[in-house]
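> Quick one, structure for this:
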Amino acid sequence: MIALTEGVAIGRTFAAKKDYHLDGNKEMVAFGSMNIIGSMTSCYVTTGSFSRSAVNEMAGCNTTVSNIVMSIVVLLTLELITPLFKYTPNAVLASIIIAAVVGLINIKAAILLWKIDKLDFIACMGAFFGVIFKSVEIGLLIAVAISFAKILLQVTRPRTAKLGKLPGTNVYRNIVQYSEAKTVPGILIVRVDSAIYFSNSNYIKERILRWLSYEEKK
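Next up is the predicted model:
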């Protein structure tokens with residue numbers, strides 16, 4: 001599951017950068033097929049490598065033929081010239097990966113995310129620092145955990161808004177977002193941005209009663 005999540009996440013990163021569509025179902029079928037074939041030869045779990053994908057992209061590769069060429073080169077390297085790389089410092093190998101990955105960091109998107117949704121920004125930063133200081137798997141686990149927590153929070157404490165009528169129209173909007181919207185005297189109009197069921201009914205009830213109490217005091 002983690003390998004599939006990692007592979008799809010990497011694919012979506014490059015899909016957004018190159019402006020093409022990624023079909024998650026096809027990705028799942030591809031990963032499943034690779035692992036079924038690999039299991040027949042005691043192969044490791046097959047997944048997409050973020051670092052190698054980034055290096056591939058930096059080198060200008062555009063098609064899957066590059067993977068075939070890379071596989072052949074890796075095979076020849078392992079069989080023939082591995083001893084030459086024995087004393088290569090890890091810092092040198094890391095610098096190649098860092099140089100390739102830096103181009104994938106989008107600071108403007110992170111700032112926009114902070115302005116739109118703080119919890120999504122926290123998930124983004126959790127994934128970023130998890131990958132930087134630990135591994136891709138840990139980064140993904142942190143992001144998934146934060147995302148699940150956000151979903152649970154939204155389910156149990158959904159967004160509620162008091163609506164007002166826009167002057168000269170029959171349109172009702174959130175009075176916090178639209179300062180010109182006016183509430184209807186004697187009527188409380190509420191919008192709940194979620195389905196109402198047992199886990200959030202008490203919270204919604206409390207919010208509505210609080211608004212009613214405020215209106216009565218006015």
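
> In this structure, where is pLDDT below threshold?
Filtered on pLDDT under 70, the chain yields the residue ranges 1-2, 48-51, 100, 103, 218.

> Do a quick rundown of the strands in it.
For the chain, the strands defined by DSSP state E occupy 160-165, 172-174, 190-192.

> What helices and strands are in contact with the last one?
Counting contacts by 3 or more Cβ pairs under 8 Å, 6 or more residues apart in numbering; DSSP states H and E, strand 190-192 packs against strand 160-165, helix 198-217. The way it works is simple: take the backbone N, C-alpha and C, and place the C-beta from them, glycine included.

> How about residues contacting stretch 115-134?
If you take Cβ atoms under 8 Å, 6 or more residues apart in numbering as the criterion, stretch 115-134 is touched by 50, 110, 113-114, 138-143, 145-147, 149-150, 153.

> Of those, which is the nearest to Ser95?
Nearest to Ser95 among those, counting by Cβ to Cβ, is Phe50 at 16.1 Å.

> before we move on, back to that, Throw the strands of the chain into TSV and include distance to Val45 and mean neighbour count, thanks.
TSV is the format used below for these (distance: least, Cβ to Cβ, whole Å; neighbours: other Cβ atoms under 10 Å):
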stretch	distance to Val45	mean neighbour count
strand 160-165	44	18
strand 172-174	47	16
strand 190-192	43	13
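
> among these, which is nearest Arg207?
Using Cβ to Cβ, the strands of the chain put strand 160-165 closest to Arg207, at 4.9 Å.

> Now Leu212: closest residue in space, sequence neighbours ignored.
Once its chain neighbours are removed from consideration, Leu212 has its nearest residue in Leu188; the separation is 6.1 Å (Cβ to Cβ, 6 or more residues apart in numbering).

> Test my guess that the one you found contacts Lys162.
Yes: taking Cβ atoms under 8 Å as the contact criterion, Leu188 and Lys162 are neighbours in contact, 7.0 Å apart.

> so what sits against both of the two?
With Cβ under 8 Å, 6+ apart, Leu188 and Lys162 have common neighbours Trp211.

> Report the contact partners of Lys182.
With contacts defined as Cβ under 8 Å, 6+ apart, the neighbours of Lys182 are Gly164, Lys165, Pro167, Ile175.

> Pick out the most distant pair among the residues you listed.
Longest span within these, Cβ to Cβ: Pro167 and Ile175, 12.6 Å.

> quick one, which of those two is more surrounded?
Summary of the neighbour comparison: Pro167 and Ile175, criterion other Cβ atoms under 10 Å, with Ile175 having more neighbours (17 against 9).

> And that one, its phi and psi?
Here the main-chain torsion angles of Ile175 (degrees, to the nearest 10) amount to phi -70, psi -20.

> does it really touch Lys162, like I thought?
Yes: Ile175 is within contact range of Lys162, at 5.5 Å (criterion: Cβ under 8 Å).

> what do these two both touch?
Shared contacts of Ile175 and Lys162, defined by Cβ under 8 Å, 6+ apart, comprise Thr183.

> on that earlier part again, can you add distance to Met40 and give the contacts of Lys182 back as a markdown table?
Listed next are the contacts of Lys182 as a markdown table, based on distance: Cβ to Cβ, whole Å:
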| residue | distance to Met40 |
| --- | --- |
| Gly164 | 65 |
| Lys165 | 67 |
| Pro167 | 71 |
| Ile175 | 63 |
